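K.L.:
no FASTA, just this:
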């Protein structure tokens, strides 16, 4: 008995005759002598309708009692149905109830709030909304690996357990154990970034990337923060900031285009309720990414305030860390396109970023996109050992935990640049999701560890 996937029926129904399908019940309507099952098997975000009849379908009485969530099997003929949104249905000769769902199954054929579904994260993948999101997540991850592999990058599995705080922000999760003898020779932490390790490998392979989970103990209860998330972090030797921005633009456009192509059903589902999504994606993949120095951005924002524009923070000055409202004004109002801001004040950026000749700024960039603001952060790395050591001392960074990283500069480290992109934030952006917790299978945030 060969099982046919529902995706195959929905796309190639004219080529099929009798099929055997199995999946989970989305709805089950009994009209007495005839009944209708909506079944999904995970091969498509869309369901197939199974028509089964009291007089002619074996197993009718058993399956008409199948609750939402139950698993069933159906054998029958594929028929064209011009009245249905899905053009093909299965008229069943036989149906079987494989496993009845308990009557307290929490997902029913109605609209559930996203908050309710977060509380039932172990089941929410069974909804069309999360089937669409997770389909996009899967295809986007593949597109990311494909971009780097086709462009000569080496994938590096950087450590999850580290001894350093790569960003210097003190947001690590410390590892706690109950052994009388310490497990490591220094305190262990969950990584906040794989960048430092990726830099080491870039000095051997020139182009590398790491793509994996990272952890931050931020007590930020916003729709854009989680304690566990995935990061994409490429590192390239022998390039500068200008060249890095070209890589970022090519990367973002390529992976988004590929995902749109591979996930037509998922994007079609979201566009029904968010017709502006198509404009957002076209703006990203078709527009040239503009470039603007941080100083110019400050001047632009100051002029906007002088002309009467109201920000929540109107105290625009050099050295400030721009808020999302400022970033969105720049890319939405001034340019209506993605914008690179670059050459930031060094006092608001990480210790490893290369100092510019002016002594005030570093060779760093952020990519701002309409609708969100910043989604990518990158920089050229400081290649001068003495300057990097001095910067660490300025920021009172524990050098003992990163001496190996500093020493790279002694051994032929001419230049290097790279960027970081939060995977879930990219998913949020391309699907216009309001909460980052909906972009990952099982979200982790302060105060909650349910699953």
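P.N.:
Received it, and whenever you're ready, just let me know what you need. Nothing here was measured: the structure is a model prediction, and the numbers come from that model.

K.L.:
would you tell me what helix or strand the nearest residue to residue 399 once chain neighbours are set aside is located in?
P.N.:
Nearest residue to residue 399 in three dimensions, chain neighbours excluded: residue 392, at 5.5 Å (CB to CB, 6 or more residues apart in numbering). For the C-beta atoms, the positions are set from N, CA and C on the backbone; glycine is no exception. Residue 392 is part of helix 385-394, with elements assigned from DSSP states H and E.

K.L.:
give me the contact list for that helix.
P.N.:
Contact with helix 385-394 is made by 351, 352, 355, 382, 399, 402, 406, 407, 409, 410, as judged by CB atoms under 8 Å, 6 or more residues apart in numbering.

K.L.:
and the gap between the first one and residue 418?
P.N.:
Between residue 351 and residue 418 the distance is 15 Å, computed by CB to CB, to the nearest Å.

K.L.:
quick revisit: now the two most distant members of the contacts of helix 385-394.
P.N.:
Pairwise distances across the contacts of helix 385-394 peak at 19.3 Å for 355 and 407 (criterion: CB to CB).

K.L.:
mind checking which of these two has more residues around it?
P.N.:
A count of neighbours by other CB atoms under 10 Å puts residue 355 above the other of residue 355 and residue 407, at 18 against 12.

K.L.:
which residues are in contact with that one?
P.N.:
Counting by CB under 8 Å, 6+ apart, residue 355 makes contact with 346, 361, 362, 363, 382, 387, 391.

K.L.:
and stretch 432-442, average pLDDT?
P.N.:
Averaged across stretch 432-442, pLDDT comes to 96.

K.L.:
now the terminal residues of it, how far apart.
P.N.:
For stretch 432-442, the first and last residues are 19 Å from each other (CA to CA, to the nearest Å).

K.L.:
pLDDT score for residue 314?
P.N.:
Residue 314 carries a pLDDT value of 93.

K.L.:
Provide the secondary structure category for residue 379.
P.N.:
strand (DSSP: H, G, I helix; E, B strand; the rest coil).

K.L.:
same check on residue 269?
P.N.:
Under three-state DSSP, residue 269 comes out as helix.

K.L.:
wait, it sits on residue 128?
P.N.:
Yes - the criterion here is CB atoms under 8 Å, and residue 269 meets it with residue 128 at 6.4 Å.

K.L.:
joint contacts of those two?
P.N.:
Listed as contacting both residue 269 and residue 128 by CB under 8 Å, 6+ apart are residue 45.

K.L.:
counting neighbours, go ahead and name the busier of those two.
P.N.:
residue 269 (20 against 15).

K.L.:
give me the buried subset of the contacts of helix 385-394.
P.N.:
351, 352, 355, 382, 402, 406, 409 (16 or more other CB atoms under 10 Å).

K.L.:
distance check, the third one against residue 165.
P.N.:
Spelled out, that is residue 355. 21 Å.

K.L.:
in this protein, where is pLDDT below threshold?
P.N.:
The chain contains residues with pLDDT under 70 at 168-170, 178-179.

K.L.:
tell me which stretches of the stretch 351-451 of the chain form strands.
P.N.:
Assigned by DSSP state E, counting those that start in this stretch, the stretch 351-451 of the chain shows strands spanning 361-369, 373-380, 416-422.

K.L.:
wait, residue 294 sits on residue 346?
P.N.:
No - applying CB under 8 Å, one finds residue 294 not in contact with residue 346, separated by 10.9 Å.

K.L.:
which of the residues in stretch 129-147 are buried?
P.N.:
Buried-residue list, stretch 129-147, by 16+ other CB under 10 Å: 129-137, 139-141, 143-144, 147.

K.L.:
show me how far it is from its chain's centre.
P.N.:
Remark: stretch 129-147 is offset 8 Å from the chain centroid, using CA atoms, centre = their mean, to the nearest Å.

K.L.:
returning to what we had before: what touches both of residue 294 and residue 346?
P.N.:
Residues touching both residue 294 and residue 346 by CB under 8 Å, 6+ apart: residue 361.

K.L.:
and stretch 302-316, end to end?
P.N.:
Stretch 302-316 has an end-to-end distance of 6 Å (CA to CA).

K.L.:
contact partners of it?
P.N.:
Residues outside stretch 302-316 that contact it (CB under 8 Å, 6+ apart) are 298, 301, 320, 323, 325, 326, 329, 333.

K.L.:
and if we set it to 7 Å?
P.N.:
Stretch 302-316 has contacts (CB atoms under 7 Å, 6 or more residues apart in numbering) with 298, 301, 323, 325, 326, 329.
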